[in-house]
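Chemist: Quick one: sequence and predicted model below, then my questions.
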Amino acid sequence: MTAPTLRSRLAKGEKIFAAWMGAAYPRMAEALGRAGFDAVIVDLQHGEASFGEARDAISAAHLAGTPTGVRVGLDGFGDAARLYDVGAEFAILPMINSVADARRLVDTLKYPPVGGRSWGGTRAISLFGAETEAYRGAANDQLIALAMIETRQAADALEDILDVPGLDGVFVGPSDLSISLSNGARLDHQLPESVEVINRVLAAAKARNKLTAIYCGNGEAAARNAELGFDIMGIGSDWAFLTAGAQAALKAARGHAGPAGPNY
């Protein structure tokens, strides 16, 4: 690929702070990119976007020079491959609970000889400004496939999942992880059992030179996780950013009438 990629930035040790996008409004991705985020993650598992809206969000973010990742829905292996075809640079697959799940992920998202990804990345080639063979030759190394670790089963199989050839790394889902580890009793990102698993994820992934990513509810949590050693932090949500900005503007408006003068 001729354009700078997210992988090359990670290889330099950069921390990637990515905006979490759940809206079905593609231009939101461009706005988040222009706000300064290092990447945008379009959520198709719990967000509102369709495949077409995610495709257009990837193109819109590209206008802002911002790489895009996707989290696909349950059993969304084929959707992840299609979103690679239209320009996504990384894909997050939820509920990867076993070695078999991780192998299927790699088989779907990596070209031979690593996997069995089917050829058809015409739109991605255009967005990246790459020649066809340059894209095909670089895709296995440059496009990032992440398995979500968010259940007790995944935690138990963590090391074996990380050892699957072709898997680029893991993405921790702290909400579901805490729910699973507490047998449904708590949603708590600071649950001691969850913290222990998160520390294991970091140690095991780093020992294997695999990427680590995690969802963070806000910027403060993202800063803490970057300090712990995570590479990619998915932050907040577009709706949370919009709500916070709107509330701040309204608070300022109602709390300060401004100087006397014309009403405009």
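Modeler: That came through fine. The structure displayed is predicted, hence computed values, not measured ones.
Chemist: Residue 240: neighbour count?
Modeler: Residues lying near residue 240 (other C-beta atoms under 10 Å) number 14. Heads up, the C-betas are built off the backbone N, CA and C, glycines and all.
Chemist: So for the helix or strand that contains it, what gets flagged as buried?
Modeler: Assigned by DSSP states H and E, residue 240 belongs to helix 238-255. The neighbour-count check on helix 238-255 (16 or more other C-beta atoms under 10 Å) flags 238, 241 as buried.
Chemist: Dump that helix to CSV, keeping only the CA atoms.
Modeler: This file holds the C-alpha atoms of helix 238-255, laid out as CSV (Å, rounded to 0.1, in the frame of the first residue of the first chain):
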residue,chain,number,x,y,z
ASP,A,238,-20.3,9.3,19.1
TRP,A,239,-23.6,9.8,20.9
ALA,A,240,-21.8,10.4,24.2
PHE,A,241,-19.5,13.0,22.6
LEU,A,242,-22.5,14.7,21.0
THR,A,243,-24.5,14.7,24.3
ALA,A,244,-21.5,16.0,26.3
GLY,A,245,-20.9,18.8,23.8
ALA,A,246,-24.6,19.8,23.6
GLN,A,247,-24.8,19.8,27.4
ALA,A,248,-21.7,22.0,27.8
ALA,A,249,-23.0,24.5,25.2
LEU,A,250,-26.4,24.7,26.9
LYS,A,251,-24.9,25.1,30.3
ALA,A,252,-22.7,27.9,29.1
ALA,A,253,-25.7,29.6,27.4
ARG,A,254,-28.0,29.4,30.4
GLY,A,255,-25.3,30.3,32.9
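Chemist: Show me where this protein has its helices.
Modeler: Counting by DSSP state H, the chain has these helices, from start to end: 6-11, 27-34, 51-63, 77-85, 99-109, 122-128, 132-142, 152-156, 158-162, 174-181, 192-207, 219-228, 238-255.
Chemist: export those helices to a markdown table and tack on distance to residue 40 and mean pLDDT?
Modeler: As requested, the helices of the chain are exported to a markdown table (distance: least, C-beta to C-beta, whole Å; pLDDT from 0 to 100):
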| stretch | distance to residue 40 | mean pLDDT |
| --- | --- | --- |
| helix 6-11 | 11 | 94 |
| helix 27-34 | 5 | 96 |
| helix 51-63 | 5 | 96 |
| helix 77-85 | 13 | 96 |
| helix 99-109 | 19 | 98 |
| helix 122-128 | 14 | 91 |
| helix 132-142 | 18 | 92 |
| helix 152-156 | 25 | 97 |
| helix 158-162 | 26 | 98 |
| helix 174-181 | 20 | 96 |
| helix 192-207 | 23 | 97 |
| helix 219-228 | 14 | 97 |
| helix 238-255 | 9 | 94 |
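Chemist: right, so of the ones you listed, which gets closest to residue 42?
Modeler: Of all those, it is helix 51-63 that lies closest to residue 42, at 4.8 Å by C-beta to C-beta.
Chemist: Give me the helices and strands touching that closest one, please.
Modeler: In this structure, helix 51-63 packs against helix 27-34, strand 39-43, strand 68-71, helix 77-85, helix 122-128, with contacts taken as 3 or more C-beta pairs under 8 Å, 6 or more residues apart in numbering; DSSP states H and E.
Chemist: Relative to residue 172, which of these is closest?
Modeler: Checking the helices and strands packed on helix 51-63 against residue 172 by C-beta to C-beta gives strand 68-71 as the closest, at 12.5 Å.
Chemist: Extract the CA atoms of stretch 175-192 and return them as CSV.
Modeler: C-alpha atoms of stretch 175-192 as CSV (Å, rounded to 0.1, in the frame of the first residue of the first chain):
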residue,chain,number,x,y,z
SER,A,175,-18.3,-5.0,30.0
ASP,A,176,-19.2,-8.5,28.8
LEU,A,177,-16.0,-9.8,30.4
SER,A,178,-17.2,-8.7,33.8
ILE,A,179,-20.7,-10.0,33.2
SER,A,180,-19.4,-13.4,32.2
LEU,A,181,-16.8,-13.7,35.0
SER,A,182,-19.4,-12.7,37.6
ASN,A,183,-22.0,-15.1,36.2
GLY,A,184,-24.3,-12.2,35.3
ALA,A,185,-24.1,-10.5,38.6
ARG,A,186,-22.2,-7.3,37.7
LEU,A,187,-21.2,-5.0,34.9
ASP,A,188,-18.0,-3.6,36.4
HIS,A,189,-14.9,-2.7,34.5
GLN,A,190,-12.9,-2.8,37.7
LEU,A,191,-14.2,-6.3,38.8
PRO,A,192,-11.1,-7.9,40.4
